[in-house]
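1. Sequence first, then the predicted structure, then my questions.
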Amino acid sequence: MINEKILLSIETSCDETAAAVVGESYKVYSSVVASQIAIHAKWGGVVPGIACKQHVTAINGVVSEALNTAGISQKEIEAVAVTAGPGLPGCLAVGISAAKAFALGWEKPLVAVNHLEGHIFSAELDGAKIEFPAVYLLVSGGHCMLIYAAERGKYKLLGTTRDDSVGEAYDKVARELGFQYPGGPVIDRLAAVGKETYSFPRPIIKDGYDFSFSGLKSAVRRQIEKGDIVKEDIAASFVAACMEVLTVKLKKAVKEYGPKSAIIVGGVSKSPVLRALLSDGSLGKTEVVFPSLKYSTDNAAMIGAAGWWRFTNNGASSETVGIMPRLSLSRS
Ligand code: KG4
Ligand code: ZN
């Protein structure tokens, strides 16, 4: 029995076709994710044309499953929220077209959502409470950002990556080691049994809040090309370098801004090393918050929570809203 208002949310910005039913309290009644990982694995990364076609094939089934799992019909929803950007243009177009069709056909308001704001709200699903001001570390395949929020929904970008995101570096290092996309899970498995025997650089670690991972990635590649390597130790040494950069910068932001919460979101927030490094009490009174593992990587439940926030504060989006492949956070 659902005793609150609910919305349907849709996410298709990259390689996951996802739909969810989320309550006004950010409680998740269903979250369905049809992953295309197995399809893209052999290509070493997401192939946009293939991803787009897969979204077209999967979207109706995923939405039906989300409604059925929540045990509701379309009549009971208040709105349809959808990722409008950033992301792959063709992939975003499938989600936004489907959401518009459902919203128009069911006579419900449409809410366009920023995917980055979705990740930000992933830490508040299913009753988790966040206190503001907050500092966010958003670490995914597409982004690496430090963000300050004086209050919920008001963002100041402190730093971003000058080249690769940390997830991208994971994926490229995994490929150099002979593993398939995505690199995160396999690198973490290897690192867990490896030792930090290689000395890799910690790029621009002391230099403001921006990040850079391409120099580290190249240093790892040069080491692999020398041959005679222990893959587990390469992974452990690479992870140690990435996580030291991330934690040093996050701690610096916490020291400067004194937030009540430090929130780590995005695919790389699954990293057990990152979770362990930030759970050692070194952030003092600032509470460290991670989303539950199932909401770290792309999903539609996080789009539902951000959708509720935008719908409540800004109202519905125009029926003519289009995809915004390069949407940034400040425009959310
Ligand atoms: O947030 P996400 O699902 O998609 C984007 O919005 O980009 O993040 C995907 C990224 C991939 O680069 C993947 O290698 C990385 O997150 N990732 C991980 C882990 N699982 C996925 N990185 C580190 N540790 C993991 N366990
Ligand atoms: Zn994402």
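-> Received the coordinates, thanks. Numbers count the residues shown, from 1 in each chain. Ligands and ions are numbered 1, 2, ... in the order given.
2. When you work out contacts or count neighbours from here on, use the C-alpha atoms and nothing else.
-> OK.
3. Spatially central residue in the chain, please.
-> Closest to where the C-alpha atoms of the chain average out (C-alpha atoms, centre = their mean) is residue 266, at 3.1 Å.
4. distance of residue 212 from ligand 1?
-> 15 Å (C-alpha to the nearest ligand atom, to the nearest Å).
5. quick one: contacts for that residue?
-> 161, 162, 163, 164, 165, 203, 204 (C-alpha atoms under 8 Å, 6 or more residues apart in numbering).
6. Skipping adjacent residues, who's closest to the second one in space?
-> Taking C-alpha to C-alpha, 6 or more residues apart in numbering as the measure, residue 162 lies nearest to residue 212, with 5.4 Å between them; neighbours along the chain are not counted.
7. May I have the predicted confidence score for the residue in the chain sticking out farthest from the centre?
-> Most distant from the centre of the chain: residue 228, at 35.1 Å, with distances by C-alpha atoms, centre = their mean. pLDDT, residue 228: 92.
8. circling back to that earlier point, now list the buried members of the contacts of residue 212.
-> 161, 163, 164, 165, 203 (16 or more other C-alpha atoms under 10 Å).
9. Closest one of the residues you listed to residue 24?
-> Distance to residue 24, by C-alpha to C-alpha, is smallest for residue 165 among the buried ones among the contacts of residue 212, at 32.2 Å.
10. what would the contacts of residue 212 look like in TSV with distance to ligand 1?
-> TSV is the format used below for the contacts of residue 212 (distance: C-alpha to the nearest ligand atom, whole Å):
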residue	distance to ligand 1
161	13
162	16
163	14
164	10
165	8
203	18
204	20
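11. In which helix or strand does whatever residue of the stretch 1-150 of the chain ends up closest to ligand 1 reside?
-> Here the residue of the stretch 1-150 of the chain nearest ligand 1 is residue 141; by C-alpha to the nearest ligand atom that distance is 3.2 Å. Under the criterion DSSP states H and E, no helix or strand holds residue 141.
12. Please apply the same query to residue 32.
-> Going by DSSP H and E, residue 32 is in strand 28-35.
13. Leaving out the residues flanking it, which one is nearest to residue 63?
-> Residue 63 sits nearest to residue 19 (C-alpha to C-alpha, 6+ apart), 5.4 Å away.
14. I'd like the distance from the host helix or strand of the one you found to the chain centre, please.
-> Assessed by DSSP H and E, residue 19 sits inside strand 16-23. Relative to its parent chain, strand 16-23 has a centroid offset of 14 Å by C-alpha atoms, centre = their mean, to the nearest Å.
15. outside of it, which residues touch it?
-> 4-12, 28-36, 55, 58-59, 62-63, 66-67, 70, 298-301, 304-305.
16. Now the buried members of those.
-> 6-12, 28-36, 55, 58-59, 62-63, 66-67, 70, 298-301, 304-305.
17. Show me which residues of the helix or strand just after the strand holding residue 32 are buried.
-> With elements assigned by DSSP H and E, the helix or strand that comes after strand 28-35 is helix 37-41. By neighbour count on 16+ other C-alpha under 10 Å, the buried set for helix 37-41 is 37, 39, 40, 41.
18. cool, stretch 264-278 as well?
-> Those would be 264, 265, 266, 267, 268, 269, 270, 271, 273, 274, 275, 278, for stretch 264-278 by 16+ other C-alpha under 10 Å.
19. try stretch 244-254
-> 244, 245, 246, 247, 249, 250, 251, 253, 254.
20. Now do the fourth one, the pLDDT please.
-> When you say that, I think you mean residue 247. 97.
21. What helices and strands are in contact with the helix or strand hosting it?
-> Assigned by DSSP H and E, residue 247 belongs to helix 231-257. For helix 231-257, the elements it packs on are strand 134-139, helix 183-193, helix 214-225, helix 272-277, judged by 3 or more C-alpha pairs under 8 Å, 6 or more residues apart in numbering; DSSP states H and E.
22. mind listing what the following helix or strand past that helix pairs with, with the direction of each?
-> As assigned by DSSP H and E, the chain's next helix or strand after helix 231-257 is strand 261-265. Strand partners for strand 261-265, identified by DSSP bridges, are recorded as strand 134-139 (parallel), strand 287-289 (parallel).
23. Any residue of the longest one touching ligand 1?
-> No - against ligand 1, strand 134-139 shows no contacts by C-alpha under 6 Å from any ligand atom, the least distance being 7.1 Å.
24. which residues are in contact with that strand?
-> 119-120, 144-151, 165-167, 250, 253-254, 259-269.
25. Make TSV from the contacts of residue 212 and add pLDDT and secondary structure to it.
-> Formatted as TSV, the contacts of residue 212 follow (pLDDT from 0 to 100; DSSP: H, G, I helix; E, B strand; the rest coil):
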residue	pLDDT	secondary structure
161	96	strand
162	96	coil
163	96	coil
164	96	coil
165	96	coil
203	92	coil
204	92	coil
